[in-house]
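> when you get a sec, could you give me coordinates for this:
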Amino acid sequence: MKKLEDMTSVEKAAALIVAIGPDAAGEIYKHLDKETIIRLTSEVAKIRSMSPEDKEDLIGEFILEIRKNRTASYGGEEFAKNTLLEAFGADKAEAILSKVESMDLEEKLKFLHDADPKILNGILENEHPQTTALILSQIKPAKAGEIIKLFTKERAKETAVRLAKMNKVSPEAIYGIIKIIKKKYDDIIEKNIELEAGGVSRLAMIMNHIDMTAEAKIISHLETVLPKEAQELRDKIYSFDNIALLTNKEIRLLIDELNNDSLIATALKGAGDDIRFKILRNMSNNRATDVINDMNRMGAIRMSEINSARCEIVEVMKSLNDNGSIIIRKKDEEYIE
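Down below sits the predicted model:
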């Protein structure tokens, strides 16, 4: 028999028919149309053998799918349990259901391993310390370490003590707690997505596709009604990269206004060749040489310093744009000098 992950849905259905036996399968066949029965029977005929392990895995996956879709037509999880009882008897059915619980728990644990540490920390802050300890005990050590780094000292100590004292916990208890945490996590993610649908970031993306005249009117209006958001929008629309679109004359005006070669040298560290060339070619040879020497003398510097220098230059650039000395251009917009 093929591996479960390599099977088509029809092949899995046929294998399930074989796994549960003729009596239970007969009950399922009563609810199927003639064409489906023929397709299933054709696939059933191809199955030569099936190990006990394959049977358990197949039925386990079947029950997990039912749990995900509790509106299933013929009774959902209860129907699955009754089918197991009919096909295997009480003891074997209980063993398979126990394995399903384990598979379901593994799926929930995968969520914890992939979860954003900051969001998870925000949820755990409002949980009992014992719950926090239990959740961390189920996460990979590296991920648990990331989350604990976000704790206050007192909370980290309390959690460490409870982790050290923790005894074995039943899968049912773990499953129940993880289920609650996952629900809270999903709710937060959903709200974040809703928030990202609008806001300043979204408006900035839209503004990049409208002409400068309309953009100026929108920003002017926002400055009247929402000054904080207007400033945030300007920061997102205008960046250091806009320098590459300035004319040579505008670059010279910007350089003269800055009158700070050390600031320029810092801002040019790690900048693209187009921006470096644009600025340096509009300086005198001596001044350009001084800036290049400054850059070389600096060696490695923090990105925060570079960003700070670039922000200063962008502010000057925006000021020149506002008074009409230069025009901050957009990549996709046509300009005639």
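
> please parse this structure into its domains.
4-103, 115-195, 238-322 (automatic domain parsing).

> would CSV of the ones you listed with mean pLDDT, distance to Glu232 and mean neighbour count be doable?
Using the backbone N, CA and C atoms, a C-beta is placed for each residue, glycine as well. Putting these into CSV (pLDDT from 0 to 100; distance: least, C-beta to C-beta, whole Å; neighbours: other C-beta atoms under 10 Å) gives the following:
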stretch, mean pLDDT, distance to Glu232, mean neighbour count
domain 4-103, 66, 41, 15
domain 115-195, 83, 15, 14
domain 238-322, 89, 12, 16
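
> so Thr132 sits right up against Thr159, yeah?
Yes - using C-beta atoms under 8 Å, Thr132 makes contact with Thr159 at a distance of 5.4 Å.

> just to revisit the earlier point, mind checking which of the domains of the chain is nearest Leu109?
Smallest distance to Leu109 across these (C-beta to C-beta): 5.7 Å, for domain 115-195.

> check contacts around Tyr238.
314, 317-318, 321, 328 (C-beta atoms under 8 Å, 6 or more residues apart in numbering).

> helix or strand: which one has Lys182?
In this assignment (DSSP states H and E), Lys182 forms part of helix 171-196.

> for Thr36, that is, sorry about that
Counting by DSSP H and E, Thr36 is part of helix 34-46.

> quick check: phi and psi on Ile119?
Phi and psi for Ile119, reported as degrees, to the nearest 10, are phi -70, psi -40.

> what of Leu258?
phi -70, psi -50.

> relative to Asn260, how far out is the closest residue to it other than its chain neighbours?
Nearest residue to Leu258 in three dimensions, chain neighbours excluded: Val316, at 5.9 Å (C-beta to C-beta, 6 or more residues apart in numbering). Look at Val316 and Asn260: by C-beta to C-beta, to the nearest Å, they are 10 Å apart.

> go on, Leu233?
To Asn260, Leu233 is 27 Å away according to C-beta to C-beta.

> what's the answer for Glu56, then?
For Glu56 relative to Asn260 (C-beta to C-beta), the value is 73 Å.

> list the contacts for the spatially most central residue of the chain?
The residue lying closest to the centre of the chain (C-alpha atoms, centre = their mean) is Asp116, at 7.7 Å. Contact analysis of Asp116 by C-beta under 8 Å, 6+ apart lists nothing.

> got the CA coordinates for stretch 219-232 in PDB?
Listed next in PDB are the C-alpha coordinates belonging to stretch 219-232 (Å, rounded to 0.1, in the frame of the first residue of the first chain):
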ATOM      1  CA  ILE A 219      -0.900  65.500   3.100                       C
ATOM      2  CA  SER A 220      -2.000  69.100   3.500                       C
ATOM      3  CA  HIS A 221      -5.500  67.900   4.600                       C
ATOM      4  CA  LEU A 222      -4.100  65.300   7.000                       C
ATOM      5  CA  GLU A 223      -1.800  67.900   8.600                       C
ATOM      6  CA  THR A 224      -5.000  69.800   9.600                       C
ATOM      7  CA  VAL A 225      -7.100  66.900  10.900                       C
ATOM      8  CA  LEU A 226      -4.500  64.200  11.800                       C
ATOM      9  CA  PRO A 227      -1.000  65.900  12.200                       C
ATOM     10  CA  LYS A 228       0.600  62.900  13.800                       C
ATOM     11  CA  GLU A 229      -0.500  60.500  11.000                       C
ATOM     12  CA  ALA A 230       0.500  63.100   8.400                       C
ATOM     13  CA  GLN A 231       4.000  63.200   9.700                       C
ATOM     14  CA  GLU A 232       4.200  59.400   9.800                       C
END
